[in-house]
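> A predicted structure for the sequence below; I have some questions about it.
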Amino acid sequence: MAVFAGMGPASAAEVIARANGQLLAASQDGFVAVAQTGDAAGIEALYTAGAWLVTAAWFASACATLGNGSSPGPRP
């Protein structure tokens with residue numbers, strides 16, 4: 001799951017730690033991190049711990065690809 005930090009002082013990695021999740025990766029700015037969780041209780045715990053948004057990790061990857069100006073697939 002991709003975890004986006006809220007507007008508070010906690011980074012996405014801190015939100016994952018508060019939810020007892022397993023951190024897999026984090027962005028340099030701390031706003032986005034990837035956690036291993038898949039059940040509804042884990043997702044709810046992330047929101048309770050301060051996550052602004054929790055999505056599938058592929059969604060965050062696609063956003064990052066579009067944000068850096070590259071295409072997610074081959075160009076014609």
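Thanks, I have the structure now.

> Quick check: phi and psi on V34?
phi -110, psi 130 (degrees, to the nearest 10).

> any idea how far T55 is from it?
Applying CB to CB, to the nearest Å, the value for V34 to T55 is 10 Å. Where C-beta positions appear, they are placed from N, C-alpha and C, glycine not excepted.

> and these two? which has more neighbours close in?
Between V34 and T55, V34 has the larger neighbour count (other CB atoms under 10 Å), namely 20 against 16.

> My guess is that one contacts S27. True?
No. Judged on CB atoms under 8 Å, V34 makes no contact with S27 at a distance of 9.2 Å.

> Between V34 and T55, which contacts overlap?
Residues within reach of V34 and of T55 at once, by CB atoms under 8 Å, 6 or more residues apart in numbering, are 1-2.

> quick one: buried residues of stretch 29-44?
Buried residues in stretch 29-44, counted by 16 or more other CB atoms under 10 Å: 32-35, 37, 42-43.

> Show only the entries of those residues found in strands.
Mapping the buried residues of stretch 29-44 onto strands (DSSP state E) picks out 32-35.

> mind putting these in CSV, pLDDT and distance to G50 included?
Output for these, formatted as CSV (pLDDT from 0 to 100; distance: CB to CB, whole Å):
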residue, pLDDT, distance to G50
V32, 89, 14
A33, 90, 12
V34, 90, 16
A35, 90, 13
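
> Now for the residues you listed: which two are most distant?
Put simply, by CB to CB the two of these set farthest apart are V32 and A35, 10.6 Å from each other.

> hey, what's in contact with both of the two?
The contact sets of V32 and A35 overlap at V3 (CB under 8 Å, 6+ apart).

> which among the buried residues of stretch 29-44 gets closest to Q22?
When those are compared for distance to Q22 (CB to CB), A35 wins out at 6.2 Å.

> ok, what's across the strand from the closest one?
A35 has these beta-bridge partners by DSSP bridges: L23.
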